[in-house]
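Asks: For reference, the sequence and a predicted model appear below.
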Amino acid sequence: MITSVYDEITAAQQIPRVVRLGKDLYGCVFTLMKLVPARYILRKALRSGELGPRTAIVETTSGTFGLALAMQAALLDRRLILVSDPVADRRLVGRLTDLGAQVEICPRPDPVGGFQAARLRRVAEIRAGMTDTFCPEQYTNPDNPASYGVVAEHLDRVLGQIDCVVGPVGSGGSMCGTTSALRAMRPQITAVGVDTHSSVLFGQPDGQRLIRGLGNSLMPGNLDHRVFDEVHWCGATEVYAATRQLHRARALFQGPTSGAAYHVGKWWSARNPGRLTVVMLPDEGYRYQETVYDDRWLAGQGVDLSAAGSEPVEITDPTVPTGQWSRFLWARRSYADVMALTGVGS
């Protein structure tokens, strides 16, 4: 018997599967998590008239948000211009163009803000030269976190009492949106954010990052630091080892941001027995078959999966990189409050 029929693939794929990963540990497994905000933002713009029949969608992307926009733009029959950078996966770019998107690569990073700043500047230039455009603005649009209410409702319906949500942080949308919606029902829920070294999101200086899709070179407006009870910074070794373990032990073929969340979530759950923990697993691993899932590539990057840490280093100053898996009790404070304690804000 048919139990559900969706009008399009983006509607079907935005709802995550909930998979048990251990005692009191569950994975919120997405095929492509960015479909949640992409579909919500574009559909809302369509209803409001911001996205007219001849409106071009213009956005900056390093990966999955661009794919989500391309899928939705194809279904809506809208022109899409995506601005990326040289590390964009060639197979992803091929898929984007096959969906009808125009992809422009920024050749050089800006001195401050790197490629993300360069991409944002180019988006502004493109829009200035066109008469009818719409930018989803994933980093600053409040509809990004607001869109995750549907995810929170699904988790609450399937699991009921949830004690902790663990997830990667990039734009801030998924973790801030899902956690805030869940806390409207259960304020005590713990939120654990997962970042990587050389990301500015929680106070570290910007630098080169091997892991894609995790961290940021600019502070996104959608990141509400007051959501987080604790923050973990993971290195490539821990992230890639956990990604591979998630596949081998649980047959979940996910990307490295999922591995990062799983690594921290598994540790947190073991440390807090009896508390139901949900780990956000954003996207599948097909883009990473020639990198994370390739032993020769890992060896070429100097990554030894057997060297992954089993315990985080407890730190008192989040602005000082350790190069190791680190943990800081953020305690739902604002960014300014935490930086003031470290002396950065003084």
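Replies: Received the coordinates, thanks.

Asks: what about stretch 184-194, distance to the chain center?
Replies: The gap between where stretch 184-194 is centred and where its chain is centred comes out at 17 Å by C-alpha atoms, centre = their mean, to the nearest Å.

Asks: For this structure, which segments are assigned as strands?
Replies: For the chain, applying DSSP state E gives strands covering 17-22, 25-29, 56-60, 80-84, 102-105, 133-134, 164-168, 190-196, 230-234, 277-281, 313-314, 326-328.

Asks: I'd like these written out as CSV, with mean neighbour count added.
Replies: Quick note: C-beta positions are derived from backbone N, CA and C, even for glycine. Converted to CSV, the strands of the chain look like this (neighbours: other C-beta atoms under 10 Å):
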stretch, mean neighbour count
strand 17-22, 15
strand 25-29, 23
strand 56-60, 24
strand 80-84, 24
strand 102-105, 16
strand 133-134, 19
strand 164-168, 27
strand 190-196, 25
strand 230-234, 27
strand 277-281, 28
strand 313-314, 11
strand 326-328, 22
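
Asks: Put together a markdown table for the ones you listed, with distance to residue 72 and mean pLDDT on each row.
Replies: As requested, the strands of the chain are exported to a markdown table (distance: least, C-beta to C-beta, whole Å; pLDDT from 0 to 100):
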| stretch | distance to residue 72 | mean pLDDT |
| --- | --- | --- |
| strand 17-22 | 21 | 97 |
| strand 25-29 | 21 | 98 |
| strand 56-60 | 9 | 97 |
| strand 80-84 | 9 | 96 |
| strand 102-105 | 15 | 95 |
| strand 133-134 | 12 | 98 |
| strand 164-168 | 22 | 98 |
| strand 190-196 | 27 | 98 |
| strand 230-234 | 31 | 97 |
| strand 277-281 | 21 | 98 |
| strand 313-314 | 41 | 96 |
| strand 326-328 | 36 | 98 |
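
Asks: quick one: which of those is nearest residue 42?
Replies: Distances from residue 42 to each of the strands of the chain were compared by C-beta to C-beta, and the smallest falls on strand 56-60, at 7.2 Å.

Asks: So which elements touch that closest one?
Replies: The elements that strand 56-60 packs onto, with contact taken as 3 or more C-beta pairs under 8 Å, 6 or more residues apart in numbering; DSSP states H and E, are helix 64-76, strand 80-84, helix 114-128, strand 133-134.

Asks: rerun at 10 Å
Replies: Based on contacts counted as 3 or more C-beta pairs under 10 Å, 6 or more residues apart in numbering; DSSP states H and E, the elements that strand 56-60 packs against are helix 35-48, helix 64-76, strand 80-84, strand 102-105, helix 114-128, strand 133-134.
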